[in-house]
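1. Whatever this is, show me its structure:
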Amino acid sequence: MKLKKTPLIISLMLAMFLAAVEGTIVTMATPTITKDMQGFELISLVFSIYLLTSTISTPIYGKLSDLYGRKNTLSIGIIIFLVGSLLCGLSQNMAMLIGFRALQGLGAGAILTVAYTIIGDAFPLEERSKIQGALGTMWGIASLAGPFVGGLIIDTLSWHWIFFINLPFGLLSVILLQSSMTEAFEKKKQTIDYAGTLTLSLAVVICLSIFLFDQKGISIAVSAVVTLLLLLAFYKIEKTAKEPMMPFDIFTKSSIMVNLISFLVFGVLMGIDVYLAIYLQNVQGYRPTIAGLSMLPMNISWLAVSFMLGKLLVRYGGKTVMLVSNAVLIVSTVLLSTLGVSTSLLLVLTYGFIIGFAFGGASTASTILIQDSVEFGQRGAAVAANSLLRTLGQTIGISVFGNIFNSNITEYFSRQGIEGINPSNLYQSSETTVAVSSEQIALSLNSAMHALFISFIIISCLAFVCSVMMPKETK
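-> Numbering: from 1, shown residues only. Coordinates of the predicted model:
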């Protein structure tokens, strides 16, 4: 493989930023879009369909990159993302927007997977950890820049341009990628595992629908059973497929533990991203700008530990790095559980800084360990499996955390003798029509936050147990 490092890194960071910023920048446009196209009841689908299609396409792109090369697979994914962006901007109604967001998500699946695979192929360990850490911080930068840039675009242009703005940067990413990489792949007819692809995709869609669309009662049981049956069918298909989409020999004891850690840690990460902002705005009373900037210390420490991680992995091994990272995560979540109505902003920022070391260590190390656990020809599938578990952790986690949070708010008011409170009214807006004082609202939210942070502690402990169970020889 021949490459030009600097343009390649710029290309990957541009692509990752575009995929990451789509969540936060579209959030800012939600009121304008619903007012323009009269589809408030469908707005949740604008977000969930993007997440759904990016998730199901992740393992597909991983295998395609093993068969046809990383550069072209990622380039095609970025182009699909850009076509989806263009069509989203041209949408005339909510149905069109939802459909084109699905297309956009299909492209994003390549970015979220193949970018990390390229880094694993192209760079030695010490450089790899730094670059992967920089890619990871793109999500933090997106969360900070997205609301500001989105608001600016909507105020000066229109909501359509939050999608059009992707086009020049995405095209630049493709041009840099094509000019900075040369791959030597054997040109032969490849066998595509269509049955495995379809079966796993259906299983993921049905599983995620439980959490994305708030299923109730018997529908949850039916969806769970169908998901299990599809996964069993997928297992049988993959055991006999000539070119399995997800070869099961990529799952060693070490990689299984690393994937479980990724699932758990990224669930906690999503929970902290969402609910720490709610805490700062609705319990502490800070403006959204301050709440967004408060995540900056976490991003700084995340990037800092990534720059050190290459040497740490070589010196101490993957198991030790994972143990320490998850131990720091436990300490961090315990500290979060002490937050109250009157906690100083400086203390919150300090806790965020500590959390960044945990997330930076665990996320970057897990990607490197997965990359190094398989041969070159299976690296795309292995990284894709890890990316899939991360996304599932985030999706399932945020649904579970939402239920914990809302049920604890209801329970708090029940203890106060107040019934019929809709929790969503208390933290979606600073203004509320319910007959409770602002002090009661802050206390109820803080009580729910405490229960939520306790759940983070439990999950962090499970991640630590998985670290303990990793083989000693894990490098």
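
2. Next one: the residue in the chain sticking out farthest from the centre from residue 436, what distance?
-> Distance from the centre of the chain peaks at residue 417, with 38.9 Å (CA atoms, centre = their mean). As judged by CB to CB, to the nearest Å, residue 417 and residue 436 stand 11 Å apart. (C-beta placed from N, C-alpha, C; glycine too.)

3. just to revisit the earlier point, what backbone torsions are found at the residue farthest from the centre of the chain?
-> For residue 417, the backbone dihedrals (degrees, to the nearest 10) come out as phi 80, psi 20.

4. per-residue confidence for it?
-> The model reports residue 417 with a pLDDT of 78.

5. repeat for residue 133
-> At residue 133, pLDDT is 76.

6. Kindly report the same for residue 275.
-> So, for residue 275, pLDDT stands at 85.

7. Checking my notes, it in a helix, right?
-> Yes - counting by DSSP: H, G, I helix; E, B strand; the rest coil, residue 275 is part of a helix.

8. And it, how close does it get to residue 333?
-> 12 Å.

9. Can you list the residue ranges for strands in this structure?
-> Remark: strands assigned in the chain by DSSP state E are 2-3, 181-182.

10. Deepest in the core, which of these is it.
-> strand 181-182 (a mean of 17; mean count of other CB atoms under 10 Å).

11. tell me what that one is packed against?
-> strand 2-3 (3 or more CB pairs under 8 Å, 6 or more residues apart in numbering; DSSP states H and E).

12. same thing but 10 Å
-> If you count contacts as 3 or more CB pairs under 10 Å, 6 or more residues apart in numbering; DSSP states H and E, strand 181-182 packs onto strand 2-3, helix 5-37, helix 70-89, helix 94-122.

13. Let me have those in TSV, adding distance to residue 170 and mean pLDDT as columns.
-> As requested, the helices and strands packed on strand 181-182 are exported to TSV (distance: least, CB to CB, whole Å; pLDDT from 0 to 100):
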stretch	distance to residue 170	mean pLDDT
strand 2-3	20	71
helix 5-37	6	82
helix 70-89	4	94
helix 94-122	9	89
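
14. Pick the most deeply packed of these.
-> helix 94-122 (a mean of 24).

15. quick one, longest helix in the chain?
-> helix 379-415 (DSSP state H).

16. okay, the angle between it and helix 94-122?
-> 130 degrees (axes from the mean of the first three to the mean of the last three CA atoms, to 10 degrees).

17. Surely residue 174 and residue 83 touch.
-> No - using CB atoms under 10 Å, residue 174 is not in contact with residue 83, being 12.0 Å away.

18. re earlier: what's the separation between the residue farthest from the centre of the chain and residue 441?
-> In terms of CB to CB, residue 417 sits 16 Å off from residue 441.

19. And residue 113, by the same measure?
-> For residue 113, the distance to residue 441 - CB to CB - is 42 Å.

20. got it, and residue 325?
-> Distance from residue 325 to residue 441, by CB to CB: 36 Å.

21. More neighbours: those two, which one.
-> residue 325 (27 against 21; other CB atoms under 10 Å).

22. which ones are touching that one?
-> Listed by CB atoms under 10 Å, 6 or more residues apart in numbering, the contact set of residue 325 reads 261, 265, 305, 309, 312, 357-366, 463-464, 467.

23. quick one on the thing from earlier: indicate which one of the strands of the chain is closest to residue 90.
-> strand 181-182 (31.7 Å; CB to CB).

24. Compute the number of surrounding residues for residue 226.
-> Neighbour number of residue 226 under other CB under 10 Å is 14.

25. ok, now how distant is the residue nearest to it when sequence neighbours are not counted from residue 49?
-> Take residue 226 and drop its neighbours on the chain: the residue closest to it by CB to CB, 6 or more residues apart in numbering is residue 206, 5.4 Å away. Distance from residue 206 to residue 49, counting by CB to CB: 15 Å.

26. hang on, the earlier thing: can you redo the strands of the chain as TSV with distance to residue 392?
-> TSV is the format used below for these (distance: least, CB to CB, whole Å):
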stretch	distance to residue 392
strand 2-3	32
strand 181-182	30
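
27. Residue 119 is nearest to which of these?
-> strand 2-3 (10.8 Å).

28. Identify the contacts common to residue 275 and residue 333.
-> 452-453, 456.

29. Let me know the closest of those to residue 6.
-> residue 456 (38.4 Å).

30. For residue 339, see how far away the residue lying closest to residue 398 once chain neighbours are set aside is.
-> Ranked by CB to CB, 6+ apart and with sequence neighbours excluded, the top spatial neighbour of residue 398 is residue 270, at 5.1 Å. Distance, residue 270 to residue 339, by CB to CB: 18 Å.

31. Equivalent analysis for residue 101, please.
-> Counting by CB to CB - residue 101 and residue 339 are separated by 35 Å.
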